[in-house]
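Peer 1: I need the structure of the sequence given here:
(chains A and B)
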There are 2 protein chains.
Amino acid sequence: MPIEIPDVVIDRLPVYARALALLDRNGRAVVSSQELGAQLGVTPAQIRKDLSYFGRFGKQGRGYSVPRLLEELRQILGLDREWTMVLVGVGQLGRAILAYGGFAPQGFRIIGAFDAEPATIGQQVNGARVQPASELEASLRTRPADIGIVATPAAQAQQVIDRLVGCGVKAILNYAPIAAHVPPHVHIKDIDPVLSLQSMTFYLKSQLTAPVK
Amino acid sequence: MPIEIPDVVIDRLPVYARALALLDRNGRAVVSSQELGAQLGVTPAQIRKDLSYFGRFGKQGRGYSVPRLLEELRQILGLDREWTMVLVGVGQLGRAILAYGGFAPQGFRIIGAFDAEPATIGQQVNGARVQPASELEASLRTRPADIGIVATPAAQAQQVIDRLVGCGVKAILNYAPIAAHVPPHVHIKDIDPVLSLQSMTFYLKSQLTAPVK
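Peer 2: Modelled structure (predicted):
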């Protein structure tokens, strides 16, 4: 890409794509930046600015073609292909991840699940046989994965991430509550509900001390 | 607060607090913005600017007092008290949320769990008895909650959020894959792993088509 696109813009594109996919399923042909913005709690100007990084989409005053913009966003984000993932950590959270129905329809396929617990290894969880964590490297050599999902306890997470990165995994979805380190060429997103809660209590607390008029 | 503080700044404060808590547990008395920044992948200037919204903390060239800055951040974020939460949706994901050990030590306590499935109602899940979703309003009248956690299927989520908001819940942690609507005085954070994956594939795809030199 010739222009540096801010990460926050990239983070918003999947939200736009999700809203457009819903409009598309409902048979909508055209949507304005006003309507899309109102649906998503984003200003129309923000939507137009975000999309302008990738060229011209809508015509002034005529709105966006829903299927065309959706297709473009899917290409931009790489959602027009399948991505493979391995899961490390098959405790309660790992089981919920394996059972989660939202990955596969979006092209994200879990091709392996690993755990270090002898009692867990060999179990069938939602169609996946849990493999020994010690076999992670051998398995990824035979069958590489694009993305690693880390659902281990905090104490093991950095080491697991290092091993995944060592195997050539280029993106990490980290559920462990640590600020993990990855080399610059590797991408990482944290899923940490506590951090999300803690940024909301700032506002709750402010409302308590200074009630809304 | 007299000055408008950007949401992205508020979102970073819990990350700083988490890193400081770890340093504090390890007995560290002082930390520089350089060291904290290196740990978190944030520039030292960003950390100083974020903290400057809340007054003066460190002395130039002497770093921050770890326990003092941690205590200040905990007060700013409202982490020095307990917050009560109710969970709606006790499927596989809801069970993982109830089993998650990370909430209580941070002061977030789940005081009720609700589901609409007759087979699920009455079950004991990690010490919580699942109540009928129809009793949500009555339960919150007797015992109000600060935060609602929504782990229902997508089709039910908006309606559940409306009911929680109607009961006076001021913050929603939403695990359902929808762009939910809440009134302006209510805060919402989405936990959607697919959106996180989709913003990483943008970079993966770019690396595939234009490999890093």
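Peer 1: What residues sit buried inside whichever helix or strand residue A:162 is part of?
Peer 2: Using DSSP states H and E, residue A:162 maps to helix A:154-166. Applying a neighbour-count criterion of 16 or more other CB atoms under 10 Å in any protein chain shown, one finds A:156, A:157, A:158, A:160, A:161, A:163, A:164, A:165 buried in helix A:154-166. The C-beta positions use only the backbone N, C-alpha and C, and glycine is treated the same way.
Peer 1: Which residues are in contact with the fifth one?
Peer 2: Pointing back at residue A:161 there. The contact partners of residue A:161, taken as CB atoms under 8 Å, 6 or more residues apart in numbering or on different chains, are A:148, A:150, A:172, A:174, A:180, A:181, A:182, A:188.
Peer 1: what about the closest residue in space to residue A:168 that isn't next to it in sequence, neighbour count?
Peer 2: Closest residue to residue A:168 apart from its sequence neighbours, by CB to CB, 6 or more residues apart in numbering or on different chains: residue A:144 at 6.1 Å. By the measure other CB atoms under 10 Å in any protein chain shown, the count of residues near residue A:144 is 14.
Peer 1: before we move on, what about residue A:83?
Peer 2: Around residue A:83 there are 21 residues (other CB under 10 Å).
Peer 1: doesn't residue A:107 make contact with it?
Peer 2: Yes: here residue A:83 lies in contact with residue A:107, judged by CB atoms under 8 Å, at a distance of 6.0 Å.
Peer 1: what packs against the top strand by length along chain A?
Peer 2: If you go by DSSP state E, chain A has its longest strand at strand A:108-115. Strand A:108-115 sits against strand A:83-88, helix A:92-99, strand A:128-132, helix A:136-142, with contacts defined as 3 or more CB pairs under 8 Å, 6 or more residues apart in numbering or on different chains; DSSP states H and E.
Peer 1: Would you mind putting these into a markdown table with distance to chain B and mean pLDDT alongside?
Peer 2: Converted to a markdown table, those look like this (distance: least, CB to the nearest CB, whole Å; pLDDT from 0 to 100):
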| stretch | distance to chain B | mean pLDDT |
| --- | --- | --- |
| strand A:83-88 | 6 | 98 |
| helix A:92-99 | 4 | 89 |
| strand A:128-132 | 14 | 96 |
| helix A:136-142 | 16 | 97 |
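Peer 1: could I get these as JSON lines with distance to residue B:17?
Peer 2: As requested, the helices and strands packed on strand A:108-115 are exported to JSON lines (distance: least, CB to CB, whole Å):
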{"stretch": "strand A:83-88", "distance to residue B:17": "27"}
{"stretch": "helix A:92-99", "distance to residue B:17": "23"}
{"stretch": "strand A:128-132", "distance to residue B:17": "35"}
{"stretch": "helix A:136-142", "distance to residue B:17": "32"}
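Peer 1: residues contacting the nearest residue to residue A:190 once chain neighbours are set aside?
Peer 2: Leaving aside its sequence neighbours, residue A:190 sits nearest to residue A:174 (CB to CB, 6+ apart; 5.0 Å). Residues counted as contacts of residue A:174 (CB under 8 Å, 6+ apart) are A:150, A:157, A:161, A:180, A:188, A:189, A:190, A:191.
Peer 1: how about a cut-off of 6 Å?
Peer 2: A:150, A:180, A:188, A:190 (CB atoms under 6 Å, 6 or more residues apart in numbering or on different chains).
Peer 1: Out of those residues, give me the one that has the most neighbours.
Peer 2: That'd be residue A:150 among the contacts of residue A:174, by other CB under 10 Å, with 25 neighbours.
Peer 1: I'd assumed residue A:159 was in contact with that one.
Peer 2: No: here residue A:150 does not reach residue A:159: they are 10.1 Å apart, not a contact under CB atoms under 6 Å.
Peer 1: Show me what stretch A:145-155 is in contact with.
Peer 2: By CB under 6 Å, 6+ apart, stretch A:145-155 touches A:83-89, A:93-94, A:97, A:157, A:160-161, A:164, A:169, A:171-178.
Peer 1: Need the CA coordinates for it. CSV is fine.
Peer 2: Extracted in CSV, the C-alpha atoms of stretch A:145-155 (Å, rounded to 0.1, in the frame of the first residue of the first chain):
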residue,chain,number,x,y,z
ALA,A,145,-1.5,-22.4,10.2
ASP,A,146,-2.0,-18.7,9.5
ILE,A,147,-3.3,-17.7,13.0
GLY,A,148,-2.7,-19.0,16.5
ILE,A,149,-5.3,-18.7,19.2
VAL,A,150,-3.9,-18.7,22.7
ALA,A,151,-6.2,-19.7,25.5
THR,A,152,-3.7,-21.0,28.0
PRO,A,153,-3.3,-19.7,31.6
ALA,A,154,-1.4,-16.4,31.8
ALA,A,155,1.8,-18.0,33.0
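Peer 1: If you count neighbours, what's buried in that stretch?
Peer 2: A:145, A:146, A:147, A:148, A:149, A:150, A:151, A:152.
Peer 1: ok now it, how far from the chain's centre?
Peer 2: 13 Å (CA atoms, centre = their mean, to the nearest Å).
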